[in-house]
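Novice: From the sequence below, what's the structure:
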Amino acid sequence: MATLAADIALTPAAAARVAAIAARQGKPAILRLSVEGGGCSGFQYRFGLADAPAGDDTVATTGDATLVVDSISLDLVRGAQVDYVESLGGAAFRVENPNAASGCGCGSSFAV
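Specialist: Numbering: from 1, shown residues only. So this is what the prediction gives:
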């Protein structure tokens, strides 16, 4: 299991939200970020709670929460930061991805 904090980061706001969601569901505070083909820009981010990191995951811990990313997805999000943003349009996890050449208005898909 890789533990390279420079490869991926979880902001304190996102960590607090992960911990709150996990506590409500009785699960560990582990957020999995993965990238899949699709979405309006070519790739889309997927979030979900995980029970434990997998063997090839990169792991970043902030406070009581952990972010895990598999090795294939990491190539597309290396150097990114996962934040939790609340605005008039709603609240959501947002990926600030330096590898994205373009994105869409919804913020959940990107192109490289």
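Novice: immediately after the host helix or strand of Val68, which helix or strand?
Specialist: Following DSSP states H and E, one finds Val68 within strand 65-69. Next helix or strand after strand 65-69 toward the C-terminus (DSSP H and E): helix 71-77.
Novice: contact partners of that next one?
Specialist: For helix 71-77, the surrounding residues in contact (CB atoms under 8 Å, 6 or more residues apart in numbering) are 2, 7-8, 33-35, 43, 56-58, 69, 95, 97, 99, 112. Bear in mind the C-beta positions are built from the backbone N, C-alpha and C, glycine included.
Novice: List buried residues within the residues you listed.
Specialist: Neighbour counting with 16 or more other CB atoms under 10 Å marks Asp7, Ile8, Leu33, Ser34, Val35, Phe43, Asp57, Thr58, Val69, Val95, Asn97 as buried within these.
Novice: right, and the pair among these with maximum separation?
Specialist: The span of these, defined through CB to CB, is set by Phe43 and Asp57 at 18.8 Å.
Novice: can you confirm Tyr84 is in a strand?
Specialist: Yes. Assessed by DSSP: H, G, I helix; E, B strand; the rest coil, Tyr84 belongs to a strand.
Novice: ok, it - contacts?
Specialist: Applying CB under 8 Å, 6+ apart, the residues near Tyr84 are Thr11, Ala13, Ala14, Ala16, Arg17, Ala91, Ala92, Phe93, Arg94.
Novice: Check which helix or strand Tyr45 maps to.
Specialist: Going by DSSP H and E, Tyr45 is in strand 42-49.
Novice: Buried residues of the helix or strand that that strand is followed by, list them for me.
Specialist: Later in the chain than strand 42-49, the nearest helix or strand by DSSP H and E is strand 58-62. Going by neighbour count (16+ other CB under 10 Å), the buried part of strand 58-62 is Thr58, Val59, Ala60, Thr62.
Novice: Likewise for stretch 30-47?
Specialist: Residues of stretch 30-47 classed as buried: 30-35, 39, 41-45, 47 (neighbour count, 16+ other CB under 10 Å).
Novice: what do you get for stretch 85-104?
Specialist: So for stretch 85-104, counting by 16+ other CB under 10 Å, buried means Val85, Phe93, Arg94, Val95, Asn97, Ala100, Gly103.
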